[in-house]
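1. from the sequence below, what's the structure:
(one chain, ligands or ions: 1)
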Amino acid sequence: MGRRVALATIGFCLVFTVLAVALRTAWAWQASVAAMRQELAQVDQVFNRTLAKAIWEMDRDALYTHLASAGQVTSVGRVTLKIRQANRSGEMLEHRQPGWSHSPRMPSLLRTLSYEPYAGAKEDVGELTLEGDERVLLERLRDEVASIVITQLIQSVLLAGLIMWMFNRSVTVHVQHIARHLAALSPETLDDRLVLARRPSRPDELSKLEAGVNDLQGSLRDYLARQRRDERELAAHRDRLAELVHDRTRELEEANARLQTLSRSDPLTSLPNRRHFDELKDVEMRRSHRSGQPLSLLLCDVDFFKRYNDAYGHACGDRCLQAVAQVLRESFVRAGELPARIGGEEFAVLLPGVDLAGALRLGERLCKAVEARAIPHKASEVAPHVSLSVGVAQFDAVTMERFDALLQQADEALYRAKSGGRNRVAS
Ligand SMILES: Nc1nc2c(ncn2[C@@H]2O[C@H](COP(=O)(O)OP(=O)(O)OP(=O)(O)O)[C@@H](O)[C@H]2O)c(=O)[nH]1
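-> Numbering: from 1, shown residues only. Here you go, the predicted structure:
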């Protein structure tokens, strides 16, 4: 900006110099013309009377001498003398500077020459014409113009320098300071106020700019503080929301797990129900098929349970079923063993990795465990306490394509246990 102002100032000063030189040259020309006119008038004053006298006295030598003297004056270009003679056309005498030529711009002076030989006898004897020499005028003007140009140029250069120095000191330095301050501005430096190194007597444009920058910094600082506070609150809300979602998800997962357990367990005995049994039976059958490991099934039925209900009541019947279920739970605790309630008073036990002989042994052990609980059963024909009939079957991958075949085989074994006298294990 400072450079542009400097160039504009120099340009203005040059234009001003040209105009001033032109104006002052015109004045100088007029002044020179006036001075030359004055000089011609002085020449006339000096020579008018002597020339008139020389004409009157017909003194040719004096006439030529005076004419030449008048023509020698520097500013005079040509002197013309017209001598009047009675009854004859007048005589013309002339003296001109070498190389002189007529110019309409040059001043000239025409004077009548009168002689008064005695008082009251004044007589016109001729006319004197003085014309200025333009070369003299131009030479004087050249010197004048040179001095005008030099002084005007010095004035302009000094003026331009002064304006540039003042502009730089009072504007450019502070604008550069403001630019540096703004460039270094960041959220961390918003507290650093802009202070210009100047003391104006009255607030001016730079003072307003300084105050404006400081106000803007203040507003920005407040805005950023508000924004940071809002962001913190937002983050806290977000955390609370995430916590809430996490809690709700956990509760939902727990409820789902509970629902899964409920849907897959028998409400009376808490043993796995028929649905759960059906899900796992196919899994175990496929595993046995793949691995070649044996898989056996026990089908258990409480003997004369209808009579039990009739003798002790339905509620006691429920408690009896719960007791039998507890025995089953305690008897089959190895990984993979699955006791389940699959019907009213019917239970099944899936025994992966157990062959028929092993299953028979486990069936016997189960019957003994139920017997050991000694739940009285006065209506039973086979024992004074609750007893079980157990049918045992082993899965055969060659003959059994589906689990139903194993189930049917175990059911037939159970039938044989029942028909064989109950309270026993059959295969
Ligand atoms: N208390 C009670 N009784 C049940 C439940 N489910 C089935 N029962 C009863 O169990 C009895 C089963 O009778 P049956 O199928 O004739 O069998 P059983 O009387 O045991 O005769 P056998 O099996 O031949 O020894 C029925 O009377 C059903 O009402 C139950 O959840 N609670």
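
2. and the stretch 201-350 of the chain, which residues reach the ligand?
-> Remark: the part of the stretch 201-350 of the chain in contact with the ligand comprises 268, 301-307, 309, 314, 317-318, 321, 344-345, using CB under 6 Å from any ligand atom. The C-beta positions use only the backbone N, C-alpha and C, and glycine is treated the same way.

3. out of the residues you listed, which sit inside strands?
-> 301-302 (DSSP state E).

4. filter the residues of the stretch 201-350 of the chain next to the ligand to the buried ones?
-> The neighbour-count criterion (16 or more other CB atoms under 10 Å) marks 301-305, 309, 317, 321, 345 among those as buried.

5. now tabulate those in CSV and tack on pLDDT and distance to S291.
-> Shown next, in CSV, are those (pLDDT from 0 to 100; distance: CB to CB, whole Å):
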residue, pLDDT, distance to S291
D301, 97, 30
V302, 97, 34
D303, 97, 36
F304, 97, 40
F305, 96, 37
N309, 97, 43
G317, 97, 40
L321, 98, 34
E345, 93, 34
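
6. out of those, which one sits closest to the ligand?
-> G317 (2.5 Å; CB to the nearest ligand atom).

7. ok, that closest one touching A311?
-> No - counting by CB atoms under 8 Å, G317 does not reach A311; the two are 9.3 Å apart.

8. quick one, domains of the chain?
-> Listed domain ranges for the chain are 2-155, 190-263, 274-426 (source: automatic domain parsing).

9. so in this structure, where's the weakest helix or strand by average pLDDT?
-> strand 88-96 (a mean of 86; mean pLDDT, DSSP states H and E).

10. now the protein, which segments are flagged as low pLDDT?
-> 1-2, 87 (pLDDT under 70).

11. with R221 as the reference, measure out to the residue nearest in space to the middle of the chain.
-> Central residue of the chain (CA atoms, centre = their mean): S186, 13.6 Å from the mean position. S186 is 12 Å from R221, where distance means CB to CB, to the nearest Å.

12. next secondary structure element downstream of the host helix or strand of V5?
-> Using DSSP states H and E, V5 maps to helix 2-56. Next along the chain after helix 2-56, taking DSSP H and E as the criterion, comes helix 60-72.

13. kindly export that following helix (C-alpha atoms) in CSV.
-> Coordinates of each C-alpha in helix 60-72 appear next as CSV, following Å, rounded to 0.1, in the frame of the first residue of the first chain:
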residue,chain,number,x,y,z
ARG,A,60,23.5,63.5,-40.9
ASP,A,61,26.6,62.3,-39.0
ALA,A,62,24.8,62.8,-35.7
LEU,A,63,21.7,61.1,-37.1
TYR,A,64,23.5,58.0,-38.1
THR,A,65,25.5,57.9,-34.8
HIS,A,66,22.3,58.2,-32.7
LEU,A,67,20.5,55.7,-34.9
ALA,A,68,23.3,53.2,-34.5
SER,A,69,23.5,53.7,-30.8
ALA,A,70,19.8,53.1,-30.4
GLY,A,71,20.1,50.0,-32.5
GLN,A,72,23.0,48.7,-30.3
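
14. and the next helix or strand after it, C-alpha only, in CSV?
-> Using DSSP H and E, the helix or strand that follows helix 60-72 in sequence is strand 76-85. The C-alpha coordinates for strand 76-85 follow below in CSV (Å, rounded to 0.1, in the frame of the first residue of the first chain):
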residue,chain,number,x,y,z
VAL,A,76,16.2,46.4,-29.8
GLY,A,77,16.0,44.4,-33.0
ARG,A,78,15.3,47.1,-35.5
VAL,A,79,15.2,50.9,-35.4
THR,A,80,13.4,52.7,-38.2
LEU,A,81,13.5,56.5,-38.7
LYS,A,82,11.1,58.2,-41.1
ILE,A,83,12.2,61.8,-41.8
ARG,A,84,9.4,64.1,-43.0
GLN,A,85,10.3,66.6,-45.7
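
15. many thanks, I have nothing further to ask.
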